[in-house]
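[1] Show me the folded form of this:
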Amino acid sequence: MTVGYLRKHAFVPRYGTEDRLSLVTDDGVRLAGARLQGPPDACATVVLIHGFSQSSRMPRIHAFAHSLARRAHVVVPDLRGHGASGGVSSMGPKEPLDVKAAVEAADPRLPVVTVGISLGGAAVLLHAGTHGGVAGVVSISAPAWWGAWDTPATQRIQRYAMTPAGRRFLSIFLRTRIAQVCEGVPHAEEQVKAIAPAFTLVVADPADHYFAEEHPRAIYGWAQDPKDLWLLPGTGHGTDLLSVDFTDRLLDELHRRLR
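    So this is what the prediction gives:
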């Protein structure tokens, strides 16, 4: 086992006992998570959705959630089949129900913005366009459609997710349980078009080694105003983007849009 594996998946940080949260989705899956209280003048609740094979306790997700809580309330669940949550991952179709449960746990007196990363980015787009109830959506490194096995990184995911041996590895070592039959991320055009009048912010590295520039540009093209596209060269994929500068810029953007 490498030091990197132990840091990311074994010796992970914890949320305080008072922050822990239990949710139940519309289809009966119990989700673990946390709720972080922001300042009294918080402009929103951010629902933060992690990516595939991650959890709310991954070091970068944990740190990002606490950084967001400097200026907003935060709800951060483990997706189904991930971390301490029950169920199995559908890799797309069912995860919007997880987002819905987290959104419904937010403070109803404040606007809610969903922020999703990779698979989580697809989930927040699908949720907002199907269920609504949010003021805005921030999609980071999200795929626009399923079956884009055209890079070494996505081919590696395919090998793990689509074979019995790969699924056993993910379950044992990464605490990620995947359904034996996965439909994967649906083509999201109609759902993305339906997000407005909530805002859509699409964020990606144009050289993302998982999902090429055509994915964020397609999502941005489908979205209706108000919308924006942040292409951030050299930032990488998913949690690689969650720098201090990015967090500050995102919080400033949320404050500007919601105040």
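[2] is it fair to say residue 155 lies in a helix?
    Yes: assessed by DSSP: H, G, I helix; E, B strand; the rest coil, residue 155 belongs to a helix.
[3] Show the contacting residues for the residue nearest to residue 121 when sequence neighbours are not counted.
    If the residues on either side of it in the chain are set aside, residue 121 comes closest to residue 142, at 2.8 Å by Cβ to Cβ, 6 or more residues apart in numbering. Where C-beta positions appear, they are placed from N, C-alpha and C, glycine not excepted. Residues near residue 142 by Cβ atoms under 8 Å, 6 or more residues apart in numbering: 116-122, 125, 202, 204, 211, 215-216, 219.
[4] Return the distance of residue 112 relative to residue 81.
    24 Å (Cβ to Cβ, to the nearest Å).
[5] Give me the buried stretch members for whichever helix in the chain runs longest, please.
    What stands out as the longest helix in the chain, according to DSSP state H, is helix 244-258. For helix 244-258, a neighbour-count test (16 or more other Cβ atoms under 10 Å) marks 246, 247, 250, 251, 253, 254, 257, 258 as buried.
[6] what residues does that helix touch?
    Contacts of helix 244-258 (Cβ under 8 Å, 6+ apart): 43-44, 46, 64, 67-68, 70-72, 111, 113, 115, 135-136, 138, 199, 201, 226, 232, 235.
[7] just the helices in the stretch 1-150 of the chain please.
    3-5, 59-68, 95-104, 119-130 (DSSP state H, counting those that start in this stretch).
[8] repeat for the stretch 151-259 of the chain
    With DSSP H, counting those that start in this stretch as the criterion, the stretch 151-259 of the chain has helices spanning 152-161, 164-173, 189-193, 214-222, 244-258.
[9] tell me the mean pLDDT for the second one?
    By that I understand helix 164-173. Mean per-residue pLDDT for helix 164-173: 80.
[10] can you list contacts of that helix?
    Residues outside helix 164-173 that contact it (Cβ under 8 Å, 6+ apart): 5, 9, 53, 159, 160, 161, 176, 177, 178, 180.
[11] where does this structure dip in pLDDT?
    Residues of the chain meeting the criterion pLDDT under 70: 1-11, 147-150, 183-184.
[12] and residue 137, what are its bridge partners?
    residue 114, residue 200 (DSSP bridges).
[13] What about it, how many residues nearby?
    Residues lying near residue 137 (other Cβ atoms under 10 Å) number 29.
[14] my read: it touches residue 200, true?
    Yes: Residue 137 lies in contact with residue 200 (Cβ atoms under 8 Å); the separation is 5.3 Å.
[15] shared neighbours of those two, anything?
    In contact with both residue 137 and residue 200: 125, 128, using Cβ under 8 Å, 6+ apart.
[16] Looking at the contacts of helix 164-173, point me to the pair that's furthest apart.
    For those, the maximum inter-member distance is 25.4 Å, found between 5 and 180 (Cβ to Cβ).
[17] pretty sure residue 20 is touching residue 32, no?
    Yes: the pair residue 20 / residue 32 is scored as a contact, 7.5 Å apart, by Cβ under 8 Å.
[18] Can you pick out the residue with more neighbours from these two?
    Neighbours were counted for residue 20 and for residue 32 using other Cβ under 10 Å; residue 32 has more, 19 against 13.
[19] Quick one: residues contacting that one.
    Neighbours of residue 32 in contact, by Cβ under 8 Å, 6+ apart: 20, 21, 22, 56, 77, 78, 83, 84, 85.
[20] Against residue 144, how distant is residue 177?
    25 Å.
[21] hang on, I meant residue 130
    Counting by Cβ to Cβ, the gap from residue 130 to residue 144 is 16 Å.
[22] More neighbours: those two, which one.
    Between residue 130 and residue 144, counting by other Cβ under 10 Å, residue 144 is the more crowded of the two (25 against 15).
[23] Next, give phi and psi for the more buried one.
    phi -90, psi -20 (degrees, to the nearest 10).
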